[in-house]
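A.B. asks: prediction below, plus the sequence it came from.
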Amino acid sequence: MLQKMNIDEAREIIKSRLSPARFTHSCAVSEEAVKLAQKYGGDTEKAALAGMLHDIAKDMPLEEQLQTMKKYSIMLDNVENLTLKLWHAILGAAILEHELNIKDRDIINAVRYHTTARAGMSMLEIIIYLADFISADRIFEGVELLHTAIYTSLQAGLRATFEFSFNELLKKNAAIHLDTVRARNELVLSK
Ligand SMILES: [Fe+2]
Ligand SMILES: [Fe+2]
């Protein structure tokens, strides 16, 4: 593996690891992240890479996800343990670090927090979190509103996506990870 991965290498890795539909999603998130980085003055190269790689662990069978997390000594908290959808982000970050030899902490963190968000996110982390909601392959009720908010400002985008995802989680009677609560509190209290 080269010291610094380029987007073509990342695309090939993702193509080999994910289903065609999730490969399409990964390319779409990468493209959306580049657009957001261009709009908000972020690093377009890192945005393209992090977007492409964010779901790298998503198609691994759950048992294999669990085993690989053990291999990398990843400790899960209570909510993570019982919310299987969170695993691929935690594991994905470890795969970037240990298997793809990615050194850039910001890219690793953008993958790590793309499902929960967290307080104190970098611009890249915010961009990947938001791009994952509104990439071109996403079709759900309310996506246009999120798109408008996200292209108004990153703060407006975060406010709208937190509102959307809290509502979804409440409807499903799902647990809400403390990182997401803290991220929203930070935003609400910063006004
Ligand atoms: Fe994901
Ligand atoms: Fe995704």
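C.D. replies: Sure thing, it's come through. Ligands and ions are numbered 1, 2, ... in the order given.

A.B. asks: tell me what the longest helix along the chain is packed against?
C.D. replies: Using DSSP state H, we find that the single longest helix of the chain is helix 20-40. Packing partners of helix 20-40 (3 or more C-beta pairs under 8 Å, 6 or more residues apart in numbering; DSSP states H and E): helix 7-17, helix 44-53, helix 123-134. Heads up, the C-betas are built off the backbone N, CA and C, glycines and all.

A.B. asks: closest to residue 84 out of those helices?
C.D. replies: Residue 84 sits nearest to helix 123-134 of all the helices and strands packed on helix 20-40, at 17.4 Å, using C-beta to C-beta.

A.B. asks: for the closest one, what is the average pLDDT?
C.D. replies: Mean pLDDT, computed over helix 123-134, is 98.

A.B. asks: again with stretch 72-80
C.D. replies: Taken as a whole, stretch 72-80 has a mean pLDDT of 96.

A.B. asks: what residues are up against the most centrally placed residue in the chain?
C.D. replies: By C-alpha atoms, centre = their mean, the chain has its centre lying nearest to residue 114, at 2.3 Å. Listed by C-beta atoms under 8 Å, 6 or more residues apart in numbering, the contact set of residue 114 reads 54, 89, 125, 128, 129, 132.

A.B. asks: restrict those to contacts with ligand 2.
C.D. replies: Contacts with ligand 2 within the contacts of residue 114, as defined by C-beta under 5 Å from the ion: residue 132.

A.B. asks: buried ones among the contacts of residue 114?
C.D. replies: Among those, those classed as buried by 16 or more other C-beta atoms under 10 Å are 54, 89, 125, 128, 129, 132.

A.B. asks: what about the second one, which SS state?
C.D. replies: Meaning residue 89. helix (DSSP: H, G, I helix; E, B strand; the rest coil).

A.B. asks: hmm, it is touching residue 108, no?
C.D. replies: No - using C-beta atoms under 8 Å, residue 89 makes no contact with residue 108, being 10.9 Å away.

A.B. asks: residues of this protein that sit close to ligand 2?
C.D. replies: Counting by C-beta under 5 Å from the ion, the residues of the chain near ligand 2 are 55, 132.
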